[in-house]
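In: everything below, folded, please.
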Amino acid sequence: MANKLNIYTHKDCFLHVQDEDHPESPMRLEKVMDKLKSISEAVFVEASLATDEQILLFHTKDYLERLNSLLPKEQGVSISIDDDTMICSDSLKAARRAVGAVCQATEDVLNGNVRRAFCAIRPPGHHALPDTSMGFCVFGNVAVAAVYALQNGAKRVAVVDFDVHHGNGTQKLAEVNPDVLAISLHQCPLWPWSGERNERMEENILNIPLALHTPAVDYLRMFENEVLPKLAEFKPDIIFVSAGFDAHLEDPPKEKVLLNDPPGHQCLEDKDYASLAQMLCKSADELCEGRLVAALEGGYNTDVLAKSCYSFVKKLV
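Out: Below is the predicted model of the structure:
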């Protein structure tokens with residue numbers, strides 16, 4: 001009988017270090033793993049290292065070569081590769097583990113080895129574009145895995161993104177691949193200044209922009225009334241989740257604003273992430289034999305992130 005839940009992670013994901021004050025820090029994953037380790041029903045799996053072939057399912061060869069050429073050779077040195085993202089000598093090792101985790105989870109779920117999977121990884125991925133990094137994201141972890149799923153038996157895949165920021169990188173994949181459904185709930189307007197409801201009219205893209213301080217009850221109602229019917233209409237063979245926890249009421253911490261960008265301000269609490277997990281699991285059970293793979297995206301109040309992530313992942317069992 002297949003495991004109910006695998007959690008994929010790797011110590012290499014802690015090696016990605018930006019500068020001292022950067023909000024996307026190793027502490028995020030440390031706090032998350034401290035909480036997830038208490039889920040006794042989960043099986044913890046050491047993530048594999050993504051191959052060039054896997055990364056190139058979404059990214060360009062020129063981009064991968066450029067990253068390799070920019071990688072600092074000296075330990076303890078970080079350089080900027082875009083306005084928000086930095087890399088150190090071990091960053092690509094961490095980024096490859098992040099992609100490798102989601103691809104490995106996808107393969108295990110599609111093969112029936114496990115029912116659902118959560119990837120406790122960093123750096124995050126949903127802003128990365130085919131030819132550039134963006135918004136703390138080096139590789140498009142879920143975007144790569146979505147194409148990987150299509151190459152390994154899935155005919156249609158869906159991505160649900162509830163990070164407070166628009167999943168613009170994943171949308172780029174859906175724009176050129178009608179077999180990928182991209183759904184994003186996000187505050188709007190907010191960085192990356194995309195994701196208007198009528199921005200894209202394709203049947204396989206659904207943006208649900210949220211006003212500042214949307215009450216949690218309204219957020220959950222929109223999820224139930226718009227996300228779930230869209231999933232049912234698309235009938236995916238596997239559901240991916242870009243699980244960002246920065247729509248929490250207490251994220252970001254009051255003393256820290258994310259670089260030069262205004263933070264999101266939504267009203268979800270730990271229990272609301274459990275509700276999202278329940279709805280997604282029910283949808284996966286009804287549409288694709290329970291097949292669901294979630295990957296960590298944003299969330300920058302580390303204590304709140306850990307509790308919210310735990311609430312979400314616990315309900316995946």
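
In: report the residue spans of the stretch 101-250 of the chain with pLDDT below the cut-off.
Out: Residue ranges of the stretch 101-250 of the chain with pLDDT under 70: 200-201.

In: for it, what spans make up the helices?
Out: 141-151, 168-176, 216-222, 228-234 (DSSP state H, counting those that start in this stretch).

In: let's have those helices in CSV, adding distance to N6 and mean neighbour count.
Out: To be clear about C-beta, it is placed using only N, CA and C from the backbone, and glycine gets the same treatment. Formatted as CSV, the helices of the stretch 101-250 of the chain follow (distance: least, C-beta to C-beta, whole Å; neighbours: other C-beta atoms under 10 Å):
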stretch, distance to N6, mean neighbour count
helix 141-151, 14, 26
helix 168-176, 22, 22
helix 216-222, 27, 14
helix 228-234, 22, 16
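
In: K314: which of the ones you listed is closest?
Out: For these, the distance to K314 is smallest for helix 216-222, at 17.7 Å, taking C-beta to C-beta.

In: which helices and strands sit right next to the closest one?
Out: strand 205-210, helix 270-288 (3 or more C-beta pairs under 8 Å, 6 or more residues apart in numbering; DSSP states H and E).

In: which of the residues in stretch 199-208 are buried?
Out: Within stretch 199-208, the residues that qualify as buried are R200, N204, I205, L206, N207, I208, counting by 16 or more other C-beta atoms under 10 Å.

In: out of these, which two sit at the greatest distance?
Out: N204 and I208 (14.6 Å).

In: before we move on, the earlier item: could you take the helices and strands packed on helix 216-222 and lay them out as JSON lines, with extra columns for distance to L220?
Out: What follows is those, written out as JSON lines (distance: least, C-beta to C-beta, whole Å):
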{"stretch": "strand 205-210", "distance to L220": "12"}
{"stretch": "helix 270-288", "distance to L220": "6"}
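
In: leaving out the residues flanking it, which one is nearest to H186?
Out: Nearest residue to H186, sequence neighbours excluded (C-beta to C-beta, 6 or more residues apart in numbering): H166, at 4.4 Å.

In: that older thread, can you redo the helices of the stretch 101-250 of the chain as CSV with distance to C188?
Out: Shown next, in CSV, are these (distance: least, C-beta to C-beta, whole Å):
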stretch, distance to C188
helix 141-151, 20
helix 168-176, 12
helix 216-222, 13
helix 228-234, 18
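
In: among those helices, which is nearest R122?
Out: helix 141-151 (9.6 Å).

In: ok, residues contacting the closest one?
Out: Applying C-beta atoms under 8 Å, 6 or more residues apart in numbering, the contact partners of helix 141-151 are 50, 54-55, 57-59, 98-99, 101-103, 105-107, 110, 119, 121, 124-126, 128, 157, 159, 169-170, 172-173, 177, 179-180, 237-238, 240, 242, 293, 295.
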